[in-house]
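[1] my questions are about this predicted structure, shown below with the sequence.
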Amino acid sequence: MKCLPSIIFALSLIAGPSPAVEPSVSPKPNIIIILADDLGREALGCYGGANFKGAGTVRTPNLDAMAKNGMLFNRCFSTPVCSPARSELLTGKYNFRTGFPDIAGRSGAVESLDAKAHPTLAALLKEAGYVTAIAGKWHLGPPDDMKVLLGPTDNDTNYPHPRECGFERQCVFSGGHLELYGKPTPDDYTPSRIQDWVLRFLESRKGKSEPFFLYYPSPIPHKPLRPTPLNPDGKQLVKQNYPYLIEYLDGQVGEVMKKLAELGLDKNTLVLFSGDNGTHSEMVTEMCNGNQIKGGKATMKDTGSWVPLLAEWPGVIKPGSVDDNMVDFTDLMPTCLQLAGVAAPKGIDGISFAWQLLGQTGTPREWIHSLFKDQYFVRDTRWKLRENGELYDVADSPNQEALVLLENDTPDSKAARIRLQSVLDNLHPDKKGTTPSKEQEPADTTGGNE
């Protein structure tokens, strides 16, 4: 892959506020959130990814086009594994508040999201007149039978829990991964059938007065790394299939964007693309600048939760925008609600970044928070403080996270330690930091059902 110097240069910039852009569209835009499964930011060309070591070239032309035509966020953080991130996205609350420190039903996590206690983005938009739909991997509760779509997707699935969470249209399956996805041919491949349902849903919205919200949590590129319709003769369970999984996902994003344009829906539709957590540790991405980044899924390294975030909204978001402010996954909910003219519920952790999308002036988020099981951190643009009191200088992250021992504190690191510890104490009043001693490599506790 030929690296794009202009893009890489843009990623080093801190985008300042530009003049406000007044939307020339309905005050209630359509909203689409496409969520990849296990995709760190380094795996995309627009973030500088060039090759997957020992596997092949990064091929993401459609996602790169989203960055070119819309906005690329440099510092978006989720959580290190699946269910916790999805709960944050839909509720605007940190995962420990909704009972998801880990995968649903694992390590003390709740079996399913309590939609009454934690109203979702879908439910609130539905109340505001939106048609709401989900297509893909649920992973926040039932269905828990591991079934996939074994027949045509002309009809909706009919699972109660997604409906309870505000989705009136659905085409979902539970936690099964590619070992259950059928043959890698368009008619048999589950991701292909889900995509067909999505495109038909979009077609059904042409000419309709109600706005829609489509949540599209894709099941790829999660392991096992089986062949896709792009390489149906590929070997089973090998990382050489990974570039094809990324390319296939990228192509599906391109099809969605093309369909919106064909239907005349694009100018009143905000499309957001992200990943639920970092890339699996088996994958190493060789960057255009020569660095190599190992996937950090299920670890507390930045690469466990540092994900891409792209936004496109023709005529509203300034093309080629790069935003270097911090974005927390809890921020997605209040942002979408604000753009839809809906008040965010009290008690959420998220902060709207709508002003960033609109090119207006606002107050940047000062820190983000990420938690997995009993490990967590808060992080700003320079410093990262762990639950055990360890402070890291992350100025060169994701290439390096440098532990700063207490005895080596500088005035800046000491101030950061105090400031971030205060944040942690407020978030987790039952847990106090301890004095750091030596650098510890986070354990990779990746399970097979994340």
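    Nice, I can see it. Quick caveat: nothing in here was measured; it's all calculated off a predicted structure.
[2] please make it C-alpha for all contacts and neighbour counts, starting now.
    Noted.
[3] isn't residue 310 up against residue 67?
    Yes. If you go by C-alpha atoms under 8 Å, residue 310 and residue 67 touch, sitting 6.1 Å apart.
[4] burial count for residue 128?
    17 (other C-alpha atoms under 10 Å).
[5] residue contacts, the residue nearest to it when sequence neighbours are not counted?
    Leaving aside its chain neighbours, residue 128 sits nearest to residue 342 (7.0 Å; criterion: C-alpha to C-alpha, 6 or more residues apart in numbering). By C-alpha atoms under 8 Å, 6 or more residues apart in numbering, the contact set of residue 342 is 124, 125, 128.
[6] for the first one, what are its contacts?
    Meaning residue 124. 166, 337, 342.
[7] in CSV: these, plus secondary structure and pLDDT.
    Converted to CSV, the contacts of residue 124 look like this (DSSP: H, G, I helix; E, B strand; the rest coil; pLDDT from 0 to 100):
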residue, secondary structure, pLDDT
166, coil, 98
337, helix, 98
342, coil, 97
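[8] out of those, who's nearest residue 245?
    residue 166 (30.0 Å; C-alpha to C-alpha).
[9] and the gap between the closest one and residue 280?
    With distances taken as C-alpha to C-alpha, to the nearest Å, residue 166 is found 31 Å from residue 280.
[10] so for the two, which residue has more residues nearby?
    More crowded of residue 166 and residue 280, by other C-alpha under 10 Å: residue 280, with 25 against 22.
[11] helix/strand/coil for that one?
    Three-state call for residue 280 (DSSP: H, G, I helix; E, B strand; the rest coil): coil.
[12] do I have it right that it meets residue 295?
    Yes. Residue 280 lies in contact with residue 295 (C-alpha under 8 Å); the separation is 5.0 Å.
[13] in which helix or strand does residue 310 reside?
    Element membership of residue 310 [criterion: DSSP states H and E] is strand 306-312.
[14] now do the helices in the stretch 201-350 of the chain.
    Using DSSP state H, counting those that start in this stretch, the helices of the stretch 201-350 of the chain run over 242-262, 332-339.
[15] outside of the last one itself, list whatever touches it.
    Meaning helix 332-339. 27-29, 31, 89-92, 121, 124-125, 343-344, 350-354.
[16] select only the buried ones of those in ChimeraX?
    To isolate the buried members of the contacts of helix 332-339 in ChimeraX, using 16 or more other C-alpha atoms under 10 Å:
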select :28,29,31,89,90,91,92,121,124,125,344,350,351,352,353,354
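[17] which of the contacts of helix 332-339 fall in strands?
    If you go by DSSP state E, the contacts of helix 332-339 have residue 31 in strands.
[18] centre of the chain to stretch 297-313, how far?
    Distance of stretch 297-313 from the chain centroid (C-alpha atoms, centre = their mean, to the nearest Å) equals 6 Å.
[19] C-alpha coordinates for that stretch, PDB please?
    Extracted in PDB, the C-alpha atoms of stretch 297-313 (Å, rounded to 0.1, in the frame of the first residue of the first chain):
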ATOM      1  CA  LYS A 297      -7.400  -6.200  22.800                       C
ATOM      2  CA  ALA A 298      -8.200  -7.200  26.400                       C
ATOM      3  CA  THR A 299      -5.300  -5.400  27.900                       C
ATOM      4  CA  MET A 300      -5.000  -2.000  29.600                       C
ATOM      5  CA  LYS A 301      -2.500  -0.700  27.100                       C
ATOM      6  CA  ASP A 302      -3.800   2.200  25.000                       C
ATOM      7  CA  THR A 303      -4.100  -0.200  22.100                       C
ATOM      8  CA  GLY A 304      -6.700  -2.200  24.000                       C
ATOM      9  CA  SER A 305      -9.200   0.700  23.700                       C
ATOM     10  CA  TRP A 306      -7.800   3.300  21.300                       C
ATOM     11  CA  VAL A 307     -10.200   2.900  18.300                       C
ATOM     12  CA  PRO A 308     -10.900   4.700  15.100                       C
ATOM     13  CA  LEU A 309     -13.800   7.200  14.900                       C
ATOM     14  CA  LEU A 310     -14.800   8.700  11.500                       C
ATOM     15  CA  ALA A 311     -17.800  10.900  10.800                       C
ATOM     16  CA  GLU A 312     -19.300  11.900   7.500                       C
ATOM     17  CA  TRP A 313     -22.300  14.200   7.000                       C
END
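[20] low pLDDT regions in the stretch 101-250 of the chain?
    143-153, 174-180 (pLDDT under 70).
[21] what are the ranges of the strands in it?
    131-137, 169-173, 212-217 (DSSP state E, counting those that start in this stretch).
[22] buried stuff in the longest one?
    Within strand 131-137, the residues that count as buried by 16+ other C-alpha under 10 Å are 131, 132, 133, 134, 135, 136, 137.
[23] please apply the same query to stretch 187-206.
    Per 16+ other C-alpha under 10 Å, stretch 187-206 contains these buried residues: 188-199, 201-202, 205.
[24] from the residues you listed, which is closest to residue 44?
    So of these, ranked by how close each gets to residue 44 (C-alpha to C-alpha), first place is residue 191, at 19.7 Å.
[25] which SS state does residue 369 fall under?
    Quick answer, by three-state DSSP: residue 369 is strand.
[26] measure it to residue 75 for me?
    Residue 369 sits 12 Å away from residue 75, taking C-alpha to C-alpha as the criterion.
[27] what strands line up against the strand or helix carrying residue 51, and which way round?
    Using DSSP H and E, residue 51 sits within strand 49-52. Each strand that pairs with strand 49-52, with its direction, by DSSP bridges: strand 56-57 (antiparallel), strand 284-287 (antiparallel).
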